[in-house]
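> Whatever this is, show me its structure:
(chains A, B, C and D)
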2 protein chains.
Amino acid sequence: MVTKQFTGSPDEADLRRADSLAREIFSDVANKWALLIIEALGERTLRFGELRNEIEGISHKMLTQNLRMLERNGLVERTVHPVVPPRVEYVLTEPGQALRVTIDGLCDWTHRYLGHIETSRHRFDG
Amino acid sequence: MVTKQFTGSPDEADLRRADSLAREIFSDVANKWALLIIEALGERTLRFGELRNEIEGISHKMLTQNLRMLERNGLVERTVHPVVPPRVEYVLTEPGQALRVTIDGLCDWTHRYLGHIETSRHRFDG
DNA sequence: CGGTATCCTTGTGGATACTG
DNA sequence: CAGTATCCACAAGGATACCG
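So this is what the prediction gives:
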């Protein structure tokens, strides 16, 4: 690393590219709706409307937008059944499932520390 | 649950309150800057300026704002040393450390699937 | 039913300047 | 050095309407 810091070598450039990509993925994934969608899917296959019902408070627009993003990153697979009315199903891919496991950890954490956090908030606000 | 669904009993109300609180915490924590701050802190104690240097691209405003939020939720502890120039140090609390562990999982996931995601994106965009 | 496009309101977040 | 406040540009996101 140090010996190459002024060379602008391909290796250095690759590292910087990988870093910025990682940061980008991080931003995509670390958002409320994306996490809730992945949690809602779990191991099931769900239709668009079912997801909309599962996730309280999500708008039509946010759901499509985030589903496209997740599909683009290869975390969900989208299947369109050519029938009327249209039937579109979503399911987590293997990378998506792996991500879900870490998100489960986040959910567990949230519920475990719910009490701590609530009292901390009251102390801070008062 | 079912037997109580029209009673508006305290139990039901408590559950709804806990749910909305959990959702709130989820929104607080599931944001790019909060996660990056927690990762940067790790097991170390860092000053405000050090954090600013660690986290590339974070603005003064976002850093203070997120640090206040994390402090309010009891995830970081803020220590002000009464000297001039002021010295303010931040360190993760026990709940904060526990959260960091799950975030580490997210980081691992990101790096493991970096390749998958990049190729998936190219396929999608083309 | 699911997707896209449009409008419009709100919020997010950067830049800057000033304080202890 | 760290925090707060103000201003402002722009992106996020809701509501609505229309298409396949």
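
> Now for A:E71, how many residues are close by?
Per other C-beta atoms under 10 Å in any protein chain shown, the neighbour tally for A:E71 reads 17. Where you see a C-beta, it was placed from the backbone N, CA and C, and this is true even at glycine.

> Who are the contact partners of it?
By C-beta atoms under 8 Å, 6 or more residues apart in numbering or on different chains, the residues touching A:E71 are A:77-78, B:124.

> Out of these, the closest to A:L99 would be?
Comparing the contacts of A:E71 against A:L99 with C-beta to C-beta places A:E77 closest, at 13.7 Å.

> The contacts of A:E71: which ones sit near DNA strand D?
Applying C-beta under 7 Å from any atom of the strand, the subset of the contacts of A:E71 adjacent to DNA strand D is empty.

> out of the residues you listed, who has the most neighbours?
Ranked by the number of neighbours (other C-beta under 10 Å), these place A:E77 first, at 15 neighbours.

> wait, what's in contact with it?
Residues near A:E77 by C-beta under 8 Å, 6+ apart: A:71, A:90-93.

> Next, count neighbours for the residue in chain A that DNA strand D sits nearest to.
Closest contact between chain A and DNA strand D, by C-beta to the nearest atom of the strand, is at A:S59 (3.3 Å). Residues contacting A:S59 under the criterion other C-beta under 10 Å number 11.

> Go through the lowest-mean-pLDDT helix or strand in chain A and flag the buried ones.
In chain A, the helix or strand scored least confidently by mean pLDDT, DSSP states H and E is helix A:10-29, which has a mean of 85. Buried residues in helix A:10-29, counting neighbours by 16 or more other C-beta atoms under 10 Å in any protein chain shown, are found at A:21, A:25-26, A:28-29.

> Which members of those additionally contact chain B?
With C-beta under 8 Å from any C-beta of the partner chain as the criterion, these include A:21, A:25-26, A:29 near chain B.

> Going along the chain, name the strands of chain A.
For chain A, the strands defined by DSSP state E occupy A:46-47, A:76-81, A:87-92.
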